[in-house]
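K.L.:
What would the 3D arrangement of this be:
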Amino acid sequence: MKMCRTLAHKYNSPSHFDDLVSEGMLECLEQVDQGNTHGANLRRMANRAMHDYINIKTLAVSVPLSEPARSLARGTDYKSTMSREGVTKLQQAINSTTTPIESVDVVDKDSDPAVLYEKRQDMIETMRVARETLSDDEWGLVEMRYLKGVTLAKIVENCGGKFGTTPMEVKRSVDKCIKKVTEAI
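P.N.:
The predicted structure is shown next:
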């Protein structure tokens, strides 16, 4: 218990302190149950369990506890058989601090009419502020991306490099517009 409490202090997370201690204790008990009673091994495994908890289990998305996930959470490059795209998506999930859209409560047809009305009014107000805040070109970009659902690659093609020559540059332009509107709101 003392070892686990000492290790948990290392993560400097008071809100997760008790959970970290519990994760470490649970791992130690499982290791002892398997016959692994060497102190250094128990410490290493408890530390690993705490690391997994704080860096992987508390994420907004579900990430499997695997060597690639652990390496990416530590910031080390992992050589795996996963595709580069898969590793990039896993890295984005681990480093993300936002809540995925799937976990947000979405109002459906059966919802309270007052809630629907308020959401509609919020959307109208946001659109009004966006229209007033953004230049015509910026508004056109936001409109294409979010109201018409045009992909970043199509925006590059259709706008002849006006907002960037790659989808990533266009995404940066869109993000700047969103930040501008958010600050105005």
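K.L.:
and the closest residue to His9 other than its chain neighbours, how many neighbours?
P.N.:
In space, and not counting its chain neighbours, His9 is closest to Phe17: 7.6 Å by CB to CB, 6 or more residues apart in numbering. Just so you know, the C-beta spots here come from the backbone N, C-alpha and C atoms, and that holds for glycine as well. With neighbours defined by other CB atoms under 10 Å, the count for Phe17 comes to 14.
K.L.:
and Phe17, what element?
P.N.:
Per DSSP states H and E, Phe17 falls inside helix 17-33.
K.L.:
Flag every buried residue along that helix.
P.N.:
19-25, 27-28, 31 (16 or more other CB atoms under 10 Å).
K.L.:
With stretch 145-154 instead?
P.N.:
145, 150, 152.
K.L.:
The residues you listed into TSV, with extra columns for distance to Thr37, secondary structure and pLDDT?
P.N.:
Putting the buried residues of stretch 145-154 into TSV (distance: CB to CB, whole Å; DSSP: H, G, I helix; E, B strand; the rest coil; pLDDT from 0 to 100) gives the following:
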residue	distance to Thr37	secondary structure	pLDDT
Arg145	58	helix	86
Val150	61	coil	85
Leu152	55	helix	86
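K.L.:
Return the closest of those residues with respect to Ala49.
P.N.:
Leu152 (39.7 Å; CB to CB).
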